[in-house]
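Colleague: here are the coordinates; sequence isn't available:
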């Protein structure tokens, strides 16, 4: 079974995210225990149940204490993503969640994740508050890296 979280890779990715935002004139985002729980749960689920067919990496399997969903490219199941922080933390985190995901067949590293997100216009926009995310204040960050996946969960509500 894949590791749910690789501490070194996760720490390296957090550093890379903070450095990249700083290089672009943006502040670090406060780390959130709640969002980190969501990130860890999702990478573990993705490793055990990789998305299939039209389901993207924002999907969740039926094998966990959460609502399953097949998140398609049309974003028809966006509510499934937005609700996950409240659902996974049993209401401890009160805001919506937004996720960026990267998959690497050869094994995930912090550098691979950053390259993946820099090369994706949509994910890059989330990471650097560009485009539709320009005026979105990120106040909570959760990060997790597994064998093949890296995920970042962001929220606009600060963790209490």
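Modeller: Nice, I can see it. None of the values given here were measured: they were computed from a predicted structure. Residues are numbered from 1 along each chain as shown.
Colleague: other SSEs contacting the helix or strand bottoming out on mean pLDDT in the chain?
Modeller: Across the helices and strands of the chain, the lowest-confidence element by mean pLDDT, DSSP states H and E is helix 78-88, at a mean of 91. With contacts taken as 3 or more Cβ pairs under 8 Å, 6 or more residues apart in numbering; DSSP states H and E, helix 78-88 sits against helix 33-48, strand 98-103, strand 149-155. C-beta: built from backbone N, CA, C; applies to glycine.
Colleague: could I get the ones you listed as JSON lines with mean neighbour count, distance to residue 139 and mean pLDDT?
Modeller: What follows is the helices and strands packed on helix 78-88, written out as JSON lines (neighbours: other Cβ atoms under 10 Å; distance: least, Cβ to Cβ, whole Å; pLDDT from 0 to 100):
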{"stretch": "helix 33-48", "mean neighbour count": "23", "distance to residue 139": "10", "mean pLDDT": "97"}
{"stretch": "strand 98-103", "mean neighbour count": "21", "distance to residue 139": "12", "mean pLDDT": "96"}
{"stretch": "strand 149-155", "mean neighbour count": "26", "distance to residue 139": "6", "mean pLDDT": "98"}
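Colleague: nearest to residue 72, of those?
Modeller: Nearest of the helices and strands packed on helix 78-88 to residue 72, taken as Cβ to Cβ: strand 98-103 at 14.1 Å.
Colleague: For the protein, just list every one of the helices.
Modeller: Ranges of helices in the chain, per DSSP state H, are 7-23, 33-48, 78-88, 110-118, 121-127.
Colleague: Need the winner for burial among these.
Modeller: Mean neighbour counts were compared across those using mean count of other Cβ atoms under 10 Å; the top stretch is helix 33-48, at a mean of 23.
Colleague: who's in contact with that helix?
Modeller: For helix 33-48, the surrounding residues in contact (Cβ atoms under 8 Å, 6 or more residues apart in numbering) are 1-2, 4-5, 57, 60-61, 63-64, 66, 84-85, 88-89, 92-93, 97, 99, 101, 103, 140-155, 159.
Colleague: What number of residues are in the vicinity of the closest residue to residue 63 other than its chain neighbours?
Modeller: Distances taken as Cβ to Cβ, 6 or more residues apart in numbering place residue 49 nearest to residue 63, at 6.0 Å, with adjacent residues excluded. Other residues near residue 49 come to 16 when the count uses other Cβ atoms under 10 Å.
Colleague: I figured residue 49 was touching residue 55, is that so?
Modeller: No - applying Cβ atoms under 8 Å, one finds residue 49 not in contact with residue 55, separated by 9.8 Å.
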